[in-house]
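Colleague: pasting the structure only:
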């Protein structure tokens, strides 16, 4: 275990050259305002509070350290701006009289949010929550620290400033599964932006920790911070209400930013002039069905907007082969042609286009009839030998799509007519520590391979996290305890503790020996830390001068 007294309170790496950390540059002699928890405050004999990262609408966010897991964490303290304070010398929060009637309700919502999020750790786009507890008259949430960069920064690093749909699809689709799960649990994110969507080192895009939904409404008691282009109209002071479609608006705006390279106009400005334009050169690279999905997701009024994530995903997953053509849809011919995709979300009303289609169909029928006549009544095309294979008799070949880790469920595959004509699917199920229940995460044939029509593809559907109750291992021999825990699927780390001679060496501590504790239900594959007595110490502990004088008396 690290020496806590010699750790930087910002990054929790060892201090090697005085108070200024050589790893992150933080000056550990920086004075802390009394409204913040003092650095190295300890909770539950486990969590060490570090430096303040930021003060959000509903919480103080601290860097933290989990001494059991020996890793850096994030600690969120319910501390709504303007509603509470902290008296100097006290850790308890002090509620301003104006908010005494409502603070308990807000605190409950904060606790419910993070308790619910803790049950959703398996979702690929969720940031894992370790613990939620009450202390100091408030609530704390301990969250995994993950190195990341915001989507906005990632896009700015791109030379073009945007990405293709093929790249965006792999990044965004798994996030929709997490947003849908939030909605199913009664949670509305309310602040999805290119800054709150972050790319982590494991390659996944996640939703960074967020505030309770009250913070995302201008009319609430909380500080309201809008994000132009991503905050939906209903989040401002008007007669519309925040709902799941609010998150769809913001998510569609993030897709727009990723594919087009600019922020969409603010929703308040669009109420007067609801136009969203895409340069033709970019529009030509975006599939029509994706443009239509954005048009539906970015409808200005929530009543007209697509309302369910599942429906929005279906629009994004239409996957036609046709790409949007600027020349086909935009008659403008100036130097910077624009493409108005909002109209694509509306029903087609051009009768002239229908007439053209009808004429084309008639011409195609006449051409087919002429071909049949030539084949049947002339010698221009000869009948092939019986030993020859015609094109129609050849087995068709198809490229295998990316079914796994793309947010697809079994029903998504079973309901896709095109795929079921191309392949034969078999499903099995297995546990997964990082894929939500019901999501496909394995396929026996890799994406991109070309196979014959009717080839069997085996897809593995996640059963979610397999959980096991931590068993009692007290007084067991170390190797027996480790074997017992490993047989259950845990990863075991042993920590040697002091043996005064009253314990058998290399046996597990009688009680409180493991973290997580005995009886807790945890995920298979999780680390279990086991305390084991070392060899008997042969040297007596060092006696201080004061203790020696006291003994002499």
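Modeller: Yep, it's here. Computed from a predicted model, the values in this text were never measured in an experiment.
Colleague: most centrally placed residue in the protein?
Modeller: residue 125 (1.7 Å; C-alpha atoms, centre = their mean).
Colleague: how about that residue, what does it touch?
Modeller: Residue 125 sits next to 174, 175, 177, 178, 179, 204, 205, 206, 207 when contact means C-beta atoms under 8 Å, 6 or more residues apart in numbering. Placement of C-beta: from N, CA and C, glycine included.
Colleague: separation between the third one and residue 446?
Modeller: As for residue 177, its distance to residue 446 is 22 Å (criterion: C-beta to C-beta, to the nearest Å).
Colleague: neighbour-wise, which of those two wins?
Modeller: residue 177 (24 against 9; other C-beta atoms under 10 Å).
Colleague: picking up where we left off before, output the contacts of residue 125 as TSV; include the columns secondary structure and pLDDT.
Modeller: Shown next, in TSV, are the contacts of residue 125 (DSSP: H, G, I helix; E, B strand; the rest coil; pLDDT from 0 to 100):
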residue	secondary structure	pLDDT
174	helix	92
175	helix	96
177	helix	93
178	helix	95
179	helix	96
204	coil	89
205	strand	95
206	strand	95
207	strand	96
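Colleague: Of those residues, which pair is most distant in space?
Modeller: Every pair in the contacts of residue 125 was compared (C-beta to C-beta); the two farthest apart turn out to be 179 and 204, at 14.3 Å.
Colleague: Give me the more crowded residue out of those two.
Modeller: Set residue 179 next to residue 204 and count neighbours by other C-beta under 10 Å: residue 179 wins out with 25 against 18.
Colleague: Quick check, the more buried one in contact with residue 251.
Modeller: Yes: Residue 179 is within contact range of residue 251, at 6.6 Å (criterion: C-beta atoms under 8 Å).
Colleague: and for those two, which residues touch both?
Modeller: Joint contacts of residue 179 and residue 251 (C-beta under 8 Å, 6+ apart) are residue 192.
Colleague: Averaging pLDDT per element, find the lowest-scoring helix or strand in this protein.
Modeller: When each helix and strand of the chain is scored by mean pLDDT, DSSP states H and E, helix 326-329 comes last, with a mean of 31.
Colleague: Pairing partners for the helix or strand harbouring residue 50, with directions?
Modeller: Assessed by DSSP states H and E, residue 50 sits inside strand 47-55. Sheet pairing of strand 47-55 (DSSP bridges) gives strand 42-43 (antiparallel), strand 59-66 (antiparallel).
Colleague: Using JSON lines, please lay out those strands together with mean neighbour count and distance to residue 79.
Modeller: JSON lines is the format used below for the strands paired with strand 47-55 (neighbours: other C-beta atoms under 10 Å; distance: least, C-beta to C-beta, whole Å):
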{"stretch": "strand 42-43", "mean neighbour count": "14", "distance to residue 79": "15"}
{"stretch": "strand 59-66", "mean neighbour count": "24", "distance to residue 79": "4"}
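Colleague: Out of the ones you listed, which is closest to residue 15?
Modeller: Among the strands paired with strand 47-55, strand 59-66 comes nearest to residue 15, with 13.4 Å by C-beta to C-beta.
Colleague: Show me what secondary structure element comes after the closest one.
Modeller: Past strand 59-66, the next helix or strand by DSSP H and E is strand 71-78.
Colleague: Out of the strands paired with strand 47-55, which gets nearest to residue 109?
Modeller: strand 59-66 (11.9 Å).
Colleague: Other residues contacting the closest one?
Modeller: Strand 59-66 has contacts (C-beta under 8 Å, 6+ apart) with 4, 7, 9-12, 36-37, 46-55, 71-80, 110, 130, 142, 145, 209, 211.
Colleague: ChimeraX command for the buried members of those?
Modeller: Selection command for ChimeraX covering only the buried members of the contacts of strand 59-66, criterion 16 or more other C-beta atoms under 10 Å:
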select :7,9,10,11,12,36,37,46,47,48,49,50,51,52,55,72,73,74,75,76,77,78,79,80,110,130,142,145,209,211
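Colleague: Isn't residue 79 up against residue 55?
Modeller: Yes: at 7.3 Å, residue 79 counts as touching residue 55 under the criterion of C-beta under 8 Å.
Colleague: one step back: using JSON lines, lay out the strands paired with strand 47-55 together with distance to residue 441 and mean pLDDT.
Modeller: Below are those laid out as JSON lines (distance: least, C-beta to C-beta, whole Å; pLDDT from 0 to 100):
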{"stretch": "strand 42-43", "distance to residue 441": "35", "mean pLDDT": "96"}
{"stretch": "strand 59-66", "distance to residue 441": "28", "mean pLDDT": "97"}
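Colleague: between those strands, which gets nearest to residue 523?
Modeller: Closest among the strands paired with strand 47-55, using C-beta to C-beta: strand 59-66, at 16.2 Å.
Colleague: quick one: the closest one to chain centroid distance?
Modeller: Counting by C-alpha atoms, centre = their mean, to the nearest Å, strand 59-66 is centred 20 Å from the centre of its parent chain.
Colleague: in the stretch 401-550 of the chain, which spans are helices?
Modeller: Assigned by DSSP state H, counting those that start in this stretch, the helices in the stretch 401-550 of the chain fall at 410-414, 417-422, 478-487, 545-552.
Colleague: whoops, the stretch 151-300 of the chain was the one
Modeller: Under DSSP H, counting those that start in this stretch, the stretch 151-300 of the chain gives helices at 151-157, 165-184, 244-260, 267-270, 280-283, 288-297.
Colleague: The first one packs against which elements?
Modeller: Other helices and strands packing on helix 151-157, by 3 or more C-beta pairs under 8 Å, 6 or more residues apart in numbering; DSSP states H and E, are strand 197-200, helix 244-260.
Colleague: any idea of the mean pLDDT in stretch 419-434?
Modeller: In this model, stretch 419-434 has an average pLDDT of 87.
Colleague: Pull the residues that contact it.
Modeller: Here stretch 419-434 has contacts from 122, 124, 396, 398, 400-401, 410, 413-414, 441-442, 451, 453-466, 523-525, using C-beta under 8 Å, 6+ apart.
Colleague: now do stretch 15-29
Modeller: By C-beta under 8 Å, 6+ apart, stretch 15-29 touches 6, 7, 8, 9, 10, 11, 13, 39, 51.
Colleague: Now with 7 Å, please.
Modeller: By C-beta atoms under 7 Å, 6 or more residues apart in numbering, the residues outside stretch 15-29 that reach it are 6, 7, 8, 9, 10, 11, 13, 51.
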